[in-house]
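[1] Sequence and predicted structure, then a few things I'm wondering about:
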Amino acid sequence: MNNKPERTKPLRRGGRLPLRARALGPSEIEEVLKKEGIRHFDEDISKMSRERLRELFGAKTTGRINLSLLIKNLIWQAHEGLKAGTVPAFKGNIRSFWYSPVKPVLSRADALTAKSDPYGVMIDMFVRLVMDRRLLRYRTFGFSDEGQTDRVIGGKNRHILLIAEKRGHFGLLKEIAGDFDVTVLSLGGQPSVLSAEYFVDELKAAGVELWQDFPLLTYVDYDPSGESIVQSFVRQLKAFGVKGVLRTDLVAPRNMTEEQVELNKYALSRRKSERKEIQAWLAQTGGIGGKPYGLEADAMAPAQMVEVFAREVAVYLKLGVEEVKRRREKKRLSRALQHLILRKLGLG
């Protein structure tokens, strides 16, 4: 995808992000549609001939299809049909929309061989219309959320968010969710806008008021890539109405021993194309000793990460530190009892 996250400084306690702007009114929607080149068509775009597609969405001189323009209009026409009840909701993930109607239409218009990735353009146009322009929602289309199994909505502390960059850390996150009653998410790399929309919907369904503060604790790599992931997620939260994000990063040199940092640090890329981003990150964080070195999240042992999380989250907990301790001790005793029973049965 070509969308780049906003560059914002890491937020600590007290740092806020502005609330998403109010919903667009009818006249504002019309204005945005005009700017985007989106029109209402009585004709079904998916059934248009090659000549008609080129007439409406092609360059005047070459006839070459404007991919973005055609795909935006396909999305909007489907949205109109869904709202009117004349088009059934899509079953499956967002790729279903690619297979039909987008891919067949682009094939008919001889636009599948464009230099830009047509599928990537479709994803970008959805992001543009959902998050940047606020014209529609993924949920209206009925798309399934592939990130649903990578998050747990907490209980009393469900407003506290712990995110990990890697899906491999989700097991640890689930344990933390059980002990601290917080909400946890494994993003699996750059976060999905669709998953972010559905996640915020789940928070609202669980009774979470979006106007309150949302402590966000991050378990991501200490490098420009990890920073980009967090900023993308924060931008998505803001776009879907989360009012105040209070960010604390867990993976950082200050939370590790000098020996641990020295053994695990790695030099950042020297590619010219990444130089500007790395310099910005270095100025923002200080790197390691002022030099362009990063740290993988896995540089912290799981027990160490939990210890750092417990220390940083304590000020936000509604559950209470003592209750957390009781929960963790009860879990430890339960495991010990299970182990004892298995040993007596000759299974341990």
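    The structure has been received and is ready for your questions.
[2] show me what contacts residue 226?
    For residue 226, the contact set (Cβ atoms under 8 Å, 6 or more residues apart in numbering) comprises 165, 218, 220, 251, 294, 297. All C-beta atoms are positioned from the backbone trio N, CA, C, and that covers glycine.
[3] Show me what counts as buried in stretch 212-229.
    213-229 (16 or more other Cβ atoms under 10 Å).
[4] Of the contacts of residue 226, which belong to strands?
    Among the contacts of residue 226, the ones falling in strands (DSSP state E) are 218, 294.
[5] Serialize the contacts of residue 226 to JSON lines and add fields for distance to residue 155.
    As requested, these are arranged in JSON lines below (distance: Cβ to Cβ, whole Å):
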{"residue": "165", "distance to residue 155": "25"}
{"residue": "218", "distance to residue 155": "21"}
{"residue": "220", "distance to residue 155": "24"}
{"residue": "251", "distance to residue 155": "26"}
{"residue": "294", "distance to residue 155": "35"}
{"residue": "297", "distance to residue 155": "26"}
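[6] got the contact list for the helix or strand hosting residue 201?
    Using DSSP states H and E, residue 201 falls within helix 193-205. With contacts defined as Cβ under 8 Å, 6+ apart, helix 193-205 is touched by 94, 126-127, 130-131, 137-139, 143, 145-148, 151, 153, 158-159, 183, 185, 210, 233, 236-237, 239-242.
[7] which ones among those residues are found in helices?
    Judged by DSSP state H, helices contain the following of the contacts of helix 193-205: 126, 127, 138, 139, 233, 236, 237, 239.
[8] The most centrally placed residue in the chain - nearest residue in space that isn't next to it in sequence?
    For the chain, the residue sitting closest to the mean C-alpha position, by Cα atoms, centre = their mean, is residue 191 at 2.8 Å. Nearest residue to residue 191, sequence neighbours excluded (Cβ to Cβ, 6 or more residues apart in numbering): residue 233, at 4.5 Å.
[9] picking up where we left off before, filter the buried residues of stretch 212-229 down to the ones in strands?
    Per DSSP E, the buried residues of stretch 212-229 map to strands at 213, 214, 215, 216, 217, 218, 219.
[10] With pLDDT added, can I get these in a markdown table?
    Formatted as a markdown table, those follow (pLDDT from 0 to 100):
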| residue | pLDDT |
| --- | --- |
| 213 | 94 |
| 214 | 97 |
| 215 | 97 |
| 216 | 98 |
| 217 | 98 |
| 218 | 98 |
| 219 | 98 |
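[11] what number of residues lie near residue 61?
    Neighbours of residue 61 under the rule other Cβ atoms under 10 Å: 6.
[12] Repeat that for residue 306.
    Per other Cβ under 10 Å, the neighbour tally for residue 306 reads 18.
[13] show me the contacts for the closest residue in space to it that isn't next to it in sequence.
    Excluding the flanking residues, the one nearest residue 306 by Cβ to Cβ, 6+ apart is residue 176, at 6.4 Å. Contact analysis of residue 176 by Cβ under 8 Å, 6+ apart lists 162, 182, 184, 306, 309.
[14] And stretch 271-289, end to end?
    Using Cα to Cα, to the nearest Å, the end-to-end distance of stretch 271-289 comes out at 21 Å.
[15] mind listing what's buried in that stretch?
    Going by neighbour count (16+ other Cβ under 10 Å), the buried part of stretch 271-289 is 277, 278, 281, 282, 285, 287, 288.
[16] Of those, which belong to helices?
    Counted as lying in helices by DSSP H, out of the buried residues of stretch 271-289, are 277, 278, 281, 282, 285.
[17] Of the residues you listed, just say which sits nearest to residue 266.
    Residue 266 lies nearest to residue 278 out of these, by Cβ to Cβ, at 12.8 Å.
[18] Report the contact partners of residue 316.
    Neighbours of residue 316 in contact, by Cβ under 8 Å, 6+ apart: 157, 160, 215, 246.
[19] can you do 10 Å?
    By Cβ atoms under 10 Å, 6 or more residues apart in numbering, the contact list for residue 316 reads 13, 157, 159, 160, 180, 182, 213, 214, 215, 217, 246, 248.
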